[in-house]
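Quick one: sequence plus predicted model below, questions after.
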Amino acid sequence: MRNIEVCLTPELIHLYELENKIVIVVDIFRATSTMVTALANGVQSITPVENLETCRQMASEDYVIAGERNGKTAEGFVLGNSPLSYLDEAYLHKKVAMTTTNGTLAIEKSKNGSAEILVGAFLNLHATAEYLKEKEHDIIIHCAGWKGKYNLEDSLYAGALIEALSETHTYDCDGALANRALYLANKEDINGFLAQASHAKRLQNHNIEADIDFCLAVDKYELVARVDGGVLVKYERGRTRYEEQS
């Protein structure tokens, strides 16, 4: 059986061998949830960018720029990091350049020899799991955390994905074991459990509870999001290849 490992924060990713493995980057509150939502609502592509200034400059190249730091929209940006901004095909066929506090950094740190990079969210949990079941690669779930620290929401997602893959994948990683146990203990009330999470409270202070609820919806979208050539695009089950939407 294929193997699953969990990296609990980007500060630890250097301890993992990424070569020829599929890395699933997860930042539930909110970067990867926002990315999945944007692609599901017709955004052509998303280019993850590490720093604010580089992302700002991409506005002159016909990108819609999205920038978030510490949970707030960065100065001078059209968008922040809310999945709700992309609903109803608000940016249909647009190219988005995005930089966030945690998620885009985790994507950048996942590139060292990995076979593929996916972004995962509760919103496309089982579409991602079904895709991974068809692949022969071992996987690493890379939790974006919060400024290098552990967080609950990404670990809960990791546990949910491990549970979804329990018939096809195994693990001998303590992080995977702990995260699956965390998910199984709280799966009947994910929202209630995560109300205690530090980042959920941080976002509540910005009056964006609707974002939190949206990010915890399971299987809202039937798509897989993959980084191809540094650009995130969508793959809908049933198609034979990844392609940018036009």
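Great, that's in hand. Numbers count the residues shown, from 1 in each chain.

so where's the chain uncertain?
Applying pLDDT under 70 to the chain flags residues 198-207, 236-246.

which residues of it fall in strands?
2-7, 22-26, 45-48, 64-69, 72-73, 95-99, 116-120, 139-143, 169-170, 223-228, 231-236 (DSSP state E).

okay, the ones you listed in JSON lines with distance to L39 next?
C-beta coordinates here come from the backbone N, C-alpha and C atoms, glycine included. Output for those, formatted as JSON lines (distance: least, Cβ to Cβ, whole Å):
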{"stretch": "strand 2-7", "distance to L39": "24"}
{"stretch": "strand 22-26", "distance to L39": "14"}
{"stretch": "strand 45-48", "distance to L39": "7"}
{"stretch": "strand 64-69", "distance to L39": "13"}
{"stretch": "strand 72-73", "distance to L39": "20"}
{"stretch": "strand 95-99", "distance to L39": "9"}
{"stretch": "strand 116-120", "distance to L39": "9"}
{"stretch": "strand 139-143", "distance to L39": "19"}
{"stretch": "strand 169-170", "distance to L39": "25"}
{"stretch": "strand 223-228", "distance to L39": "6"}
{"stretch": "strand 231-236", "distance to L39": "4"}
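
And these: which comes nearest K133?
Comparing the strands of the chain against K133 with Cβ to Cβ, the closest turns out to be strand 169-170 (8.2 Å).

So which elements touch that closest one?
When contacts are defined as 3 or more Cβ pairs under 8 Å, 6 or more residues apart in numbering; DSSP states H and E, strand 169-170 packs onto strand 2-7.

Tell me what angle the strand it packs on forms with strand 139-143.
Interaxial angle, strand 2-7 versus strand 139-143 (axes from the mean of the first three to the mean of the last three Cα atoms, to 10 degrees): 20 degrees.

Distance of V43 relative to K135?
Note on V43: its distance to K135, by Cβ to Cβ, to the nearest Å, is 25 Å.

List the contacts of L216.
I28, F122, I190, N191, L194 (Cβ atoms under 8 Å, 6 or more residues apart in numbering).

Also I13?
Listed by Cβ under 8 Å, 6+ apart, the contact set of I13 reads C7, A106, K109, S110, H142.

Spatially central residue in the protein, please.
For the chain, T32 is the residue whose C-alpha lies nearest the centre (Cα atoms, centre = their mean; 2.8 Å).

That residue against L118, yeah?
No. Between T32 and L118 there is no contact under Cβ atoms under 8 Å: 9.2 Å.

Pull up the overlap in contacts between the two.
Common neighbours of T32 and L118 (Cβ under 8 Å, 6+ apart) are V25, A225.

Can you pick out the ones from the contacts of L216 that are in helices?
I190, N191, L194 (DSSP state H).

Can you flag the buried ones in these?
For these, a neighbour count by 16 or more other Cβ atoms under 10 Å gives the buried set as I190, L194.

now, which of the ones in helices among the contacts of L216 sits nearest K149?
K149 lies nearest to L194 out of the ones in helices among the contacts of L216, by Cβ to Cβ, at 16.0 Å.

give me every residue that touches that closest one.
Residues counted as contacts of L194 (Cβ under 8 Å, 6+ apart) are L152, E153, L156, A200, I212, L216.

Now flag whichever of the ones in helices among the contacts of L216 is closest to F77.
Using Cβ to Cβ, the ones in helices among the contacts of L216 come closest to F77 at L194, 26.7 Å.

In this structure N81 contacts T99, no?
No. Shown here, N81 and T99 do not form a contact pair, counting by Cβ under 8 Å, at 9.3 Å.

coming back round to it: what is the most widely separated pair among the contacts of L216?
Using Cβ to Cβ, the contacts of L216 span at most 11.9 Å, a distance reached by I28 and N191.
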